[in-house]
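Asks: coordinates only, sequence not included:
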């Protein structure tokens with residue numbers, strides 16, 4: 001009887017040990033990698049976005065523009081919006097922008113690498129060249145690029161599991177590889193610009209990843225960068241008015257805090273390319 005009891009206990013212990021051995025704990029790197037794959041396979045999602053952009057232009061440039069340039073000395077822009085994404089390359093968003101005491105509401109559509117903006121005054125859809133040029137080196141922060149930005153992770157810090165909007169999530173701090181971030185831009189000119197602006201700057205992400213669905217529920221982006229003003233003007237297709245030369249070595253110090261919440265994964269969404277008014 002003792003031998004039977006001992007054998008039974010041993011069998012139970014071995015079975016338990018085997019079960020424990022089968023329970024593998026994912027590392028933060030594995031969780032982030034899985035989330036990137038899951039987001040890549042996602043068909044659609046809805047999102048909410050908030051962002052604050054602080055820009056400081058050089059004094060010589062501001063003085064050159066006179067009273068019209070006074071607001072550029074320390075410009076603050078607050079944005080908030082709601083939208084729908086149809087992966088991999090379409091999204092629509094209703095956006096509210098506040099700056100200098102003025103609030104403007106408009107709609108935007110991202111489609112096939114192009115940006116469409118509704119003129120809040122006329123209601124007509126436009127396709128500004130400057131918006132497309134600037135999007136070439138800011139696409140790592142748009143709602144369609146979540147899977148790609150997760151792939152740039154260089155180091156990951158576990159901030160502990162928590163609950164977000166009723167879902168159990170992993171919370172990580174991610175420092176991305178700056179070169180990989182730059183490589184996401186669509187043109188060589190844009191890649192070089194991102195690389196130069198982050199050389200003396202920093203970009204840090206926070207990610208909230210679902211423990212059950214392994215999808216990205218929230219992404220927070222904090223970027224502090226110094227940008228060559230002449231390169232920005234060139235990339236965006238903008239020019240200074242005649243008689244206003246660009247000060248040599250002029251840079252813009254930009255600080256961005258942006259948060260995107262994803263929800264309603266694979267829900268039915270409607271995103272279409274709007275008709276652009278003839279110019």
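Replies: Alright, I've got the coordinates. These numbers come from a predicted model, not from an experiment.
Asks: which residues in the stretch 1-150 of the chain form strands?
Replies: Per DSSP state E, counting those that start in this stretch, the stretch 1-150 of the chain carries strands over the ranges 44-56, 75-86, 90-99, 102-111, 114-118, 125-126.
Asks: Of those, which is nearest residue 166?
Replies: strand 44-56 (14.8 Å; Cβ to Cβ). C-beta: built from backbone N, CA, C; applies to glycine.
Asks: quick one: strands adjacent to the closest one?
Replies: For strand 44-56, the paired strands and their directions (DSSP bridges) are strand 75-86 (antiparallel), strand 251-263 (antiparallel).
Asks: Figure out which of the strands of the stretch 1-150 of the chain is closest to residue 259.
Replies: Closest approach to residue 259 among the strands of the stretch 1-150 of the chain (Cβ to Cβ): strand 44-56, 5.3 Å.
Asks: what does the closest one rub up against?
Replies: With Cβ atoms under 8 Å, 6 or more residues apart in numbering as the test, strand 44-56 has contacts from 72-87, 93, 143, 252-269.
Asks: which of the residues you listed count as buried?
Replies: Among the contacts of strand 44-56, those scoring as buried are 72, 75, 79, 81, 83-87, 93, 143, 252, 254, 256, 258-262, 265, 269 (criterion: 16 or more other Cβ atoms under 10 Å).
Asks: In JSON lines: the strands of the stretch 1-150 of the chain, plus mean pLDDT and distance to residue 192.
Replies: Formatted as JSON lines, the strands of the stretch 1-150 of the chain follow (pLDDT from 0 to 100; distance: least, Cβ to Cβ, whole Å):
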{"stretch": "strand 44-56", "mean pLDDT": "93", "distance to residue 192": "21"}
{"stretch": "strand 75-86", "mean pLDDT": "93", "distance to residue 192": "25"}
{"stretch": "strand 90-99", "mean pLDDT": "93", "distance to residue 192": "26"}
{"stretch": "strand 102-111", "mean pLDDT": "92", "distance to residue 192": "23"}
{"stretch": "strand 114-118", "mean pLDDT": "89", "distance to residue 192": "21"}
{"stretch": "strand 125-126", "mean pLDDT": "92", "distance to residue 192": "28"}
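Asks: Could you report the neighbour count for the closest residue in space to residue 36 that isn't next to it in sequence?
Replies: Nearest residue to residue 36, sequence neighbours excluded (Cβ to Cβ, 6 or more residues apart in numbering): residue 150, at 3.9 Å. By other Cβ atoms under 10 Å, the residues close to residue 150 number 26.
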